[in-house]
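1. Please work out how this folds:
(4 chains)
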Number of protein chains: 2
Amino acid sequence: MLSVATNSSMFVRPPMPTRTAGLPDGPLALMGAPMRFARNAEVYGEDEPAEYLYQVISGAVRTYRMLDDGRRQVVAFYLPGDIFGVEAGDVHLSSAEAVSEAQVLVAKRSAVLARAEREKQLSRQLWDLMVRELQRVQQHSFVLIKSAEERVAGFLLEMAGRSSGGASIELPMSRQDIADYLGLTIETVSRTFTQFVQSGLISLETSRRIQFRDRAALNRLNA
Amino acid sequence: MLSVATNSSMFVRPPMPTRTAGLPDGPLALMGAPMRFARNAEVYGEDEPAEYLYQVISGAVRTYRMLDDGRRQVVAFYLPGDIFGVEAGDVHLSSAEAVSEAQVLVAKRSAVLARAEREKQLSRQLWDLMVRELQRVQQHSFVLIKSAEERVAGFLLEMAGRSSGGASIELPMSRQDIADYLGLTIETVSRTFTQFVQSGLISLETSRRIQFRDRAALNRLNA
DNA sequence: CGCTGAATTGACGGACATCAAGATGTGTGG
DNA sequence: CCACACATCTTGATGTCCGTCAATTCAGCG
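-> Numbering: from 1, shown residues only, chains lettered A, B, ... in the order given. Next up, the predicted model:
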C-alpha cells in the first residue's frame, strides 16, 4: 500500500567495515573503537543480539524496520554526535545502516553498563539519553498523523535544527529514505518539495541541498 | 484535517481525585499512595513538572498530546499493572487522564530514583521498563503507516493480548479514543468494526464488548 | 559521451476524511 | 418507572489527499 524500498541495487551487500584511525570522543564517555562503514553498509541487523552501543562520528546512519509486505519504516536518522542502539533490549528490533559513508564509534554495551553502575554521572547520562530517544520517537509518531505538507515541513525543520547549519543544509539521505521516514511515497515527498519551492519557502541548489527562504512559513506548517 | 476531540462536555473538569484504601503493589516496588480518579480526570498535564511515577491498579489511563489545531494524538493506553510517567524528562510532554474510573498508585519519582541508585535490581527494572516503553512507542509509529483495516486489527489484538481475557474483551475506551490512538476518524473506526463483524472476524455484544471469532484472520491483517 | 540510479512531473484512482442524519445507549429528574 | 436530554455509535453520500502507474528529466561516473 505504500513506500516500498524498491531498487534492489540500493541494498547490495556492502564491503566489510574496517577499522580506522581513532577520533576524539563525544559528549558521552564511550570507550570504543572507531569503525568505518560504506554507503548502505549494515551496522547491525534486526534480531541480532544487541552487544554494542554506537556513536556517529561522521556521516549519517538510519535505523529501520521492514514490514513483511516489503514496506520499510525508517525509525530514525542519526547525525554526528548522536548515540544509537540504546533502544534495544537483548536483541535489536530494527536494523541500522550507513546512509552515507560514515565513521561510527562502537563500544561494548556490557562494558558501558558495568561502568555506569559505578559512575553515577554516566548512569545519569544514559538515562537522559534514553528519555530523549523516547521523546524523539513520540515526536515521530506525532508527525505521522499529519498531512504530507506538515510532515515534510517538520522534517526540514528537524534536520535544520540538528545540522547546526545556517540558512542552508545538506541532506545526507535520499528521497526514498525521507519518504520511508515520513510514511509517504517518494513522489509525494518530491511534489511537496517543489510546492515549497514554488511558494518561496525554500529553494534547491541541488536536490539534496536546501536553502531556507521563509522559515516562519515552515514553522506555521509545522503545526 | 482529522480526528478532533470534539464534544466539550467530554472534557468537563472532573471532581478532585481523592485518596483511597491501600492496595497491594505490582511488579515494580513502587512505594506510593493509591489515588482514585474519576472518568476523564487529569492525572497530570502537559508541561507540568514530572514529580511522580504512576502504576495503574484498576481502570485505565490514556496519555495524549494536543496539536494546536485541536487534533488529539493518544500516545498510549495503560491497563492495570502498567507503569506510566517514565517517558518524561523534567516536565511531561503529554497529559494523562483516566479513561474510566481508575485507581492509580502514585510514587515520588525522586524517591524511586534515589532508591534505584542503591538497589541494582530496581535500577535494572526501571531500565527494562524504559526499553519496553520505547519499543511500544516504536511499534505504535509502525502502526500509523498501515491501512485502517490493519490498524484496527492490530489494536484489537494488542488489547486482547494485554487484557488477559479469553475470547472476548471489554474495551474501556470510546471510539474517539481509539480513533485518536490509531490516527483515524471515529467514523472509519466504526466502519471497520462493522466490516469485521460482517466478515465474521468478531462480534459485538455491546459496542465496547468484543468477541473474537476468527483470530487467525485478524493476525493475517496485522501484517 | 552513453549508461544507470535518483528525482521530478503528470494522469488517474482509491482509501479515508468530511459532512450530515439517524440509531442506540445512558443518566437524570419528575 | 417513564420521559427527556445528551452522549456515543453507526450508517450514508460526497470530496480530497495522496498512492499508484508511467514517462521524462537530471546527475554522477565509467
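
2. For A:Glu117, identify the helix or strand it belongs to.
-> Assigned by DSSP states H and E, A:Glu117 belongs to helix A:109-118.

3. cool, A:Leu204 as well?
-> Residue-wise, A:Leu204 maps onto strand A:202-206 under DSSP H and E.

4. contacts for that strand?
-> Contacting residues not belonging to strand A:202-206 are listed as A:Leu156, A:Ser168, A:Phe193, A:Phe196, A:Val197, A:Ile210, A:Gln211, A:Phe212, A:Arg213, A:Asp214, A:Leu218 [Cβ atoms under 8 Å, 6 or more residues apart in numbering or on different chains]. C-beta here means a position set from N, CA and C on the backbone, and glycine is covered the same way.

5. Among those, name the ones that also lie close to DNA strand C.
-> The overlap between these and the neighbourhood of DNA strand C (criterion: Cβ under 7 Å from any atom of the strand) consists of A:Phe193.

6. Could you find the lowest-pLDDT member of the contacts of strand A:202-206?
-> Summarising pLDDT for the contacts of strand A:202-206: the lowest-scoring member is A:Ser168, with 93.

7. okay, now A:Phe212: neighbour count?
-> Residues lying near A:Phe212 (other Cβ atoms under 10 Å in any protein chain shown) number 19.

8. how close does it sit to DNA strand C?
-> Counting by Cβ to the nearest atom of the strand, to the nearest Å, the gap from A:Phe212 to DNA strand C is 15 Å.

9. where does chain A come near chain B, residue by residue?
-> Residues of chain A that fall close to chain B, judged by Cβ under 8 Å from any Cβ of the partner chain: A:1-3, A:65, A:67-69, A:71, A:73, A:75, A:87-89, A:93-94, A:117, A:120, A:123, A:127-128, A:130-135, A:137-138, A:140-142, A:144-147, A:183, A:223.

10. Now, those residues that are in helices?
-> In helices, defined here by DSSP state H, the members of those are A:117, A:120, A:123, A:127-128, A:130-135, A:137-138, A:140-142.

11. Those also near DNA strand D: which ones?
-> The overlap between those and the neighbours of DNA strand D (Cβ under 7 Å from any atom of the strand) is empty.

12. quick one: which two of those residues are the most distant?
-> In these, the most distant members under the criterion Cβ to Cβ are A:Glu117 and A:Phe142, with 34.4 Å between them.

13. Settle it for me: which of these two has more neighbours?
-> A:Phe142 (20 against 13).

14. How many residues are close by the residue nearest to that one when sequence neighbours are not counted?
-> Leaving out its chain neighbours, the residue that sits closest to A:Phe142 by Cβ to Cβ, 6 or more residues apart in numbering or on different chains is B:Gln73, at 5.7 Å. B:Gln73 has 24 neighbouring residues, counting by other Cβ under 10 Å.

15. Give me the residue ranges of chain A where confidence is low.
-> Judged by pLDDT under 70, chain A has its weakly predicted residues at A:1-30.

16. at 50 instead, please
-> Of all residues in chain A, those with pLDDT under 50 make up the ranges A:1-24.

17. Output the contacts of strand A:202-206 in a markdown table, with distance to DNA strand D and secondary structure appended to each entry.
-> Supplementary listing: the contacts of strand A:202-206 in a markdown table, determined by distance: Cβ to the nearest atom of the strand, whole Å; DSSP: H, G, I helix; E, B strand; the rest coil:
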| residue | distance to DNA strand D | secondary structure |
| --- | --- | --- |
| A:Leu156 | 16 | helix |
| A:Ser168 | 15 | strand |
| A:Phe193 | 13 | helix |
| A:Phe196 | 13 | helix |
| A:Val197 | 13 | helix |
| A:Ile210 | 14 | strand |
| A:Gln211 | 15 | strand |
| A:Phe212 | 20 | strand |
| A:Arg213 | 19 | coil |
| A:Asp214 | 19 | coil |
| A:Leu218 | 16 | helix |
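
18. Now which of the contacts of strand A:202-206 would you call buried?
-> Listed as buried from the contacts of strand A:202-206 are A:Leu156, A:Ser168, A:Phe193, A:Phe196, A:Ile210, A:Phe212, A:Arg213, A:Leu218; burial here means 16 or more other Cβ atoms under 10 Å in any protein chain shown.

19. from those, which is closest to chain B?
-> Chain B has its nearest neighbour among those in A:Leu218, at 15.1 Å by Cβ to the nearest Cβ.

20. ok, that closest one - contacts?
-> Neighbour list for A:Leu218: A:Ala153, A:Leu156, A:Leu157, A:Phe196, A:Leu201, A:Ile202, A:Phe212 [criterion: Cβ under 8 Å, 6+ apart].

21. I figured the third one hits A:Asn219, correct?
-> Yes - counting by Cβ atoms under 8 Å, A:Leu157 does reach A:Asn219; the two are 6.8 Å apart.

22. Please identify which of these two sits among more neighbours.
-> A:Leu157 (16 against 12).

23. List the contacts of the more buried one.
-> Counting by Cβ under 8 Å, 6+ apart, A:Leu157 has contacts A:Arg215, A:Leu218, A:Asn219, A:Asn222.

24. and which of the residues you listed is nearest to A:Glu51?
-> Proximity of the contacts of A:Leu157 to A:Glu51 (Cβ to Cβ) peaks at A:Asn222, which lies at 37.8 Å.

25. List phi and psi for that closest one.
-> Backbone torsions for A:Asn222, taken as degrees, to the nearest 10, come to phi -80, psi 30.

26. same deal with A:Gln55?
-> Dihedral angles phi and psi of A:Gln55 (degrees, to the nearest 10) take the values phi -130, psi 130.

27. Nearest residue to it in space, ignoring adjacent ones along the chain?
-> By the measure of Cβ to Cβ, 6+ apart, the closest residue to A:Gln55 outside its immediate chain neighbours is A:Leu105, 4.3 Å from it.

28. Count residues in the vicinity of that neighbour, would you?
-> Close neighbours of A:Leu105, defined as other Cβ under 10 Å, add up to 23.

29. got a list of contacts for the host helix or strand of it?
-> For A:Leu105, the enclosing helix or strand under DSSP H and E is strand A:102-108. Counting by Cβ under 8 Å, 6+ apart, strand A:102-108 makes contact with A:20, A:23, A:25-26, A:30-37, A:43, A:51-61, A:98, all of which sit outside it.

30. Select from those every entry located in strands.
-> Applying DSSP state E to the contacts of strand A:102-108, the entries found in strands are A:33-37, A:43, A:52-58, A:61, A:98.

31. what's the closest of those residues to chain B?
-> Distance from chain B was checked for each of the ones in strands among the contacts of strand A:102-108 by Cβ to the nearest Cβ. The minimum falls on A:Leu53, at 13.2 Å.
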